[in-house]
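Asker: give me a 3D structure for the following:
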Amino acid sequence: MALPNEERVMGQRTPENVAARLERLILDGVFRPGQLLPSERRLCERLKVSRASLREGLRILRSKQIIETRQGHGSTVASLLPMHQQSPLMHLFNDHPRTLFDLLEVRALLEGESAFLAAKRGTSMDRVLITRRYREMADYAEHSESIDVERLARLDHAFHLAVSQASHNPVLVHTLQSLTDLLLSSVFASVKHLYHRSGPREMINRQHARLHDAVVAGEAEQARHVALEHLTSITELLRELEAESERLERSAMRMEPW
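Answerer: The predicted model follows:
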């Protein structure tokens, strides 16, 4: 008769359990959409399972469309919540720029809570990654003679994504990752229209620094407050720019002969 501990160990090595453990790693963001899984040999070593159990576990994940396998190229994590650039939804958003403000509203809801949770739940390793992403963004903004808007937008997005990953809420993390194209469009808009102005640029840099400091220090309420303030300020500035553009357009129309 097997001992209880032996039964538990054997249970962990079944294909169903192997699949469940890999699913957990994907949910936790250890393996991300589009990422190539480690080799079978490496996975067997880390999970302490036989190659037969691993292969059957991978087959289970393929049947659920959680991973995709190409002969000779290994297995990659599938896009869990696909949001393709050519989808009807993306066309609607691209053709109607006013949805930018709706998107900023959604960002405030999601990123305010992710900052709060990151400050409460973030581990020391999470804080190291958040600081690394913050420094990459801040150093580029401070030392580059000519700012590449798209590069800065991606660095900005990577910082906010690192904060969300520290929330340790898989649903929140994967929701934000699935909205990458849309979120990048809002970050790109704020950088493009605001960063060349000294006032907004200093405000954005200051808010990023405060957000980083609050999350790393574990100040949950302050982190949420700064995240909301950051996105509210950007929304107000972009609305002000839109109103100014409309006023200029009306003035120009009055000057033209009809």
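Asker: Thr123: how many residues sit nearby?
Answerer: Thr123: 10 surrounding residues under other C-beta atoms under 10 Å. The way it works is simple: take the backbone N, C-alpha and C, and place the C-beta from them, glycine included.
Asker: numbering from 3 from now on, please.
Answerer: Okay, residue one is now 3; in that scheme the one you just asked about reads as Thr125.
Asker: which residue packs closest to it, ignoring adjacent ones?
Answerer: Ala168 (7.6 Å; C-beta to C-beta, 6 or more residues apart in numbering).
Asker: cool, and Arg203?
Answerer: Tyr197 is the one closest to Arg203 (C-beta to C-beta, 6+ apart), at 5.1 Å.
Asker: so the one you found makes contact with Asp150?
Answerer: No - in this structure Tyr197 lies outside contact range of Asp150 using C-beta atoms under 8 Å: 11.0 Å.
Asker: more neighbours: which of these two?
Answerer: A count of neighbours by other C-beta under 10 Å puts Tyr197 above the other of Tyr197 and Asp150, at 18 against 12.
Asker: go through the helix ranked longest in the chain and flag the buried ones.
Answerer: Longest helix in the chain, counting residues (DSSP state H): helix 222-257. By 16 or more other C-beta atoms under 10 Å, the buried positions in helix 222-257 come out as 222, 224-233, 235-237, 239-240.
Asker: residue ranges in the chain under the pLDDT threshold?
Answerer: 3-14, 82-100, 183, 247, 250, 260 (pLDDT under 70).
Asker: who touches Leu105 in this structure?
Answerer: If you count contacts by C-beta atoms under 8 Å, 6 or more residues apart in numbering, Leu105 has them with 95, 184-185, 187-188.
Asker: which SS class is it?
Answerer: helix (DSSP: H, G, I helix; E, B strand; the rest coil).
Asker: okay, angle between the helix or strand that contains Ala121 and helix 222-257 too, please.
Answerer: Element membership for Ala121, per DSSP states H and E: helix 101-123. Between helix 101-123 and helix 222-257, the angle comes out at 170 degrees (axes from the mean of the first three to the mean of the last three C-alpha atoms, to 10 degrees).
Asker: all helices of the stretch 3-152 of the chain, in order?
Answerer: 6-14, 17-29, 42-49, 53-65, 90-97, 101-123, 126-145, 151-167 (DSSP state H, counting those that start in this stretch).
Asker: follow-up on the earlier one: for Glu248, see how far away the residue nearest to Arg203 is.
Answerer: 22 Å (C-beta to C-beta, to the nearest Å).
Asker: likewise for Val189?
Answerer: Val189 sits 24 Å away from Glu248 when distances are taken as C-beta to C-beta.
Asker: next one: Met205
Answerer: From Met205 to Glu248 the distance is 23 Å (C-beta to C-beta).
Asker: before we move on, back to that, tell me how far the longest helix of the chain lies from the chain's centre.
Answerer: 24 Å (C-alpha atoms, centre = their mean, to the nearest Å).
Asker: show me the contacts for Leu24.
Answerer: Here Leu24 is in contact with 33, 39, 45, 59-60, 63 (criterion: C-beta under 8 Å, 6+ apart).
Asker: quick one: it from Ser52, how far?
Answerer: For Leu24, the distance to Ser52 - C-beta to C-beta - is 15 Å.
Asker: check His232 too.
Answerer: Where Ser52 is concerned, His232 sits at a distance of 50 Å (C-beta to C-beta).
Asker: what do you get for Arg64?
Answerer: From Arg64 to Ser52 the distance is 18 Å (C-beta to C-beta).
Asker: do the same with Ile236
Answerer: 53 Å.
Asker: over to Gln179?
Answerer: 32 Å.
Asker: looking at those two, which one has more neighbours?
Answerer: Taking other C-beta under 10 Å, Gln179 and Ser52 do not tie; Gln179 has more neighbours (20 against 13).
Asker: which non-adjacent residue is nearest the more buried one?
Answerer: Nearest non-adjacent residue to Gln179 (C-beta to C-beta, 6+ apart): Pro35, at 6.6 Å.
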